[in-house]
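# Please find the sequence and the predicted model below.
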Amino acid sequence: MNMAPAPYPIGTSGTPWGDAERSEWLSRQTRRRSYASEVLGVIERLRSRFDVEEYGCLDYGPDRYPLMAIRSRNWNDDLPVVLVTGGVHGYETSGVHGALRFVDKHAEAYAGRVNLLVAPCVSPWAYERIHRWNRNAIDPNRSFHDDSPAEESTALMRLVAPYRDRALIHIDLHETTDTDESEFRPALAARDGKPFEPAGIPDGFYVVDDSANPQPEFQQAVIGAVEQVTHIAPADDKGEIFGSPVVARGVIEYPLTQWGLCAGVTRAPYRTTTEVYPDSPRVTPEQCNRAQAAAVCAAITYGLAAR
Ligand SMILES: [Zn+2]
């Protein structure tokens, strides 16, 4: 028997949230891990080998979150720019720690060939609360556009503005998790007063290309590298992954810029969004981080060869 999902515990079905519902949602969010020790602490230890800068700061009531970026030492304007972002969705742990792992273990191998600009945790308030939205119940990853309602997005756009038209590669590191279906998609539907339509969570890694400028070979280079580390999501019986048609193995497409997605924040010819699946019994958190780092390395190798 198919049971209708239970109504989301905040708000009235069919009615978008107002301030009272947003406050109620906020009151339920608790700090569950530490940005300072788990992220800032790691970044501090990278300072001996990389340039580290604070590109903004979130002032959220009693909590203050410096927004940090890591750059190649000896930045050289003659070299192509590679942008790596993680933690645009704070709960997507391997996006953050995969970006940091890439910097620690792999970034120096590209010295003298590219300028690396890495923002490993774009949404630190959400990192601590293991949530998708920022403190104002806004998804930063729909907010990369002019007059953005999300400070997280505005700060990153300001950081990358000088490279917007000349970056070569941008890879944005995400996860698709079981909590997308159990909590975050129902919350989104409730917030916007819409019905929740179950979609099913893909079992494995996939990437999102730009439907406005697809780069199928580039995406396959990333898939091929990640497949050495973790399994690739198959298409479902409708030929889709997470509700979008599969255009090649492990690849779907979104209109990145039109939807205000982070991967649309530059005009880099080679752009992708990774989606690691951390809830499989077949993967460990370590493997998820390695999958993200492998994706970054493959993206840079491809971009440099294709240039
Ligand atoms: Zn995400």
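Nice, thanks for sending it over. Numbers count the residues shown, from 1 in each chain.

# right, and the helix or strand after the host helix or strand of Ser23?
Using DSSP states H and E, Ser23 sits in helix 19-27. Following helix 19-27 in sequence order, the next helix or strand is helix 35 (DSSP H and E).

# for the record, mean pLDDT for that next one?
Averaging pLDDT along helix 35 yields 98.

# now stretch 126-136
On average, stretch 126-136 scores 98.

# Excluding chain neighbours, what is closest to Glu53?
Closest residue to Glu53 apart from its sequence neighbours, by C-beta to C-beta, 6 or more residues apart in numbering: Ala69 at 5.3 Å. Placement of C-beta: from N, CA and C, glycine included.

# if we can go back for a sec, for the helix holding Ser23, packing partners?
Here helix 19-27 touches helix 185-192, going by 3 or more C-beta pairs under 8 Å, 6 or more residues apart in numbering; DSSP states H and E.

# For the helix it packs on, which residues meet the burial criterion?
185-191 (16 or more other C-beta atoms under 10 Å).

# Same check on stretch 10-23?
10-11, 17, 21-22.

# for stretch 44-52, same thing?
Across stretch 44-52, burial judged by 16+ other C-beta under 10 Å covers 46, 50, 52.

# Tabulate the buried residues of helix 185-192 (TSV), appending distance to the ion and pLDDT.
Below are these laid out as TSV (distance: C-beta to the ion, whole Å; pLDDT from 0 to 100):
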residue	distance to the ion	pLDDT
Arg185	12	96
Pro186	16	96
Ala187	14	96
Leu188	12	97
Ala189	17	96
Ala190	19	96
Arg191	17	97
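
# show me where the protein has strands.
With strands called from DSSP state E, the chain shows them at 51-60, 63-71, 81-86, 115-119, 167-175, 206-210, 240-241, 244-245, 251-254, 270-276.

# Reformat these as JSON lines; add mean pLDDT and distance to the ion.
JSON lines is the format used below for these (pLDDT from 0 to 100; distance: least, C-beta to the ion, whole Å):
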{"stretch": "strand 51-60", "mean pLDDT": "98", "distance to the ion": "18"}
{"stretch": "strand 63-71", "mean pLDDT": "97", "distance to the ion": "17"}
{"stretch": "strand 81-86", "mean pLDDT": "98", "distance to the ion": "10"}
{"stretch": "strand 115-119", "mean pLDDT": "98", "distance to the ion": "14"}
{"stretch": "strand 167-175", "mean pLDDT": "98", "distance to the ion": "3"}
{"stretch": "strand 206-210", "mean pLDDT": "98", "distance to the ion": "10"}
{"stretch": "strand 240-241", "mean pLDDT": "97", "distance to the ion": "14"}
{"stretch": "strand 244-245", "mean pLDDT": "96", "distance to the ion": "14"}
{"stretch": "strand 251-254", "mean pLDDT": "98", "distance to the ion": "12"}
{"stretch": "strand 270-276", "mean pLDDT": "98", "distance to the ion": "7"}
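
# possible to save those as JSON lines with distance to Gly95?
Below are the strands of the chain laid out as JSON lines (distance: least, C-beta to C-beta, whole Å):
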{"stretch": "strand 51-60", "distance to Gly95": "18"}
{"stretch": "strand 63-71", "distance to Gly95": "15"}
{"stretch": "strand 81-86", "distance to Gly95": "4"}
{"stretch": "strand 115-119", "distance to Gly95": "11"}
{"stretch": "strand 167-175", "distance to Gly95": "4"}
{"stretch": "strand 206-210", "distance to Gly95": "13"}
{"stretch": "strand 240-241", "distance to Gly95": "18"}
{"stretch": "strand 244-245", "distance to Gly95": "20"}
{"stretch": "strand 251-254", "distance to Gly95": "17"}
{"stretch": "strand 270-276", "distance to Gly95": "8"}
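
# and of these, who's closest to Ala221?
strand 270-276 (9.3 Å; C-beta to C-beta).

# how big is the angle separating the closest one from strand 206-210?
150 degrees (axes from the mean of the first three to the mean of the last three C-alpha atoms, to 10 degrees).

# Distance from the chain centre to strand 270-276, please.
Using C-alpha atoms, centre = their mean, to the nearest Å, the distance from the centre of strand 270-276 to the centre of the chain it belongs to is 8 Å.

# what do you get for stretch 192-208?
Worked out by C-alpha atoms, centre = their mean, stretch 192-208 lies 15 Å from the chain centre.

# how about that stretch: buried residues?
Counting neighbours by 16+ other C-beta under 10 Å, stretch 192-208 gives 196, 201-208 as buried.

# ends of it, how far apart?
Length of stretch 192-208, first residue to last, C-alpha to C-alpha, to the nearest Å: 24 Å.

# What residues does the protein have near the ion?
Within the chain, the positions adjacent to the ion are 89, 92, 174 by C-beta under 5 Å from the ion.

# nearest to Gln258, of these?
Nearest to Gln258, judged by C-beta to C-beta, of the residues of the chain next to the ion is His174 at 18.0 Å.

# from memory that closest one sits against Pro278, does it?
No: look at His174 against Pro278 with C-beta atoms under 8 Å: they stay out of range, at 10.8 Å.
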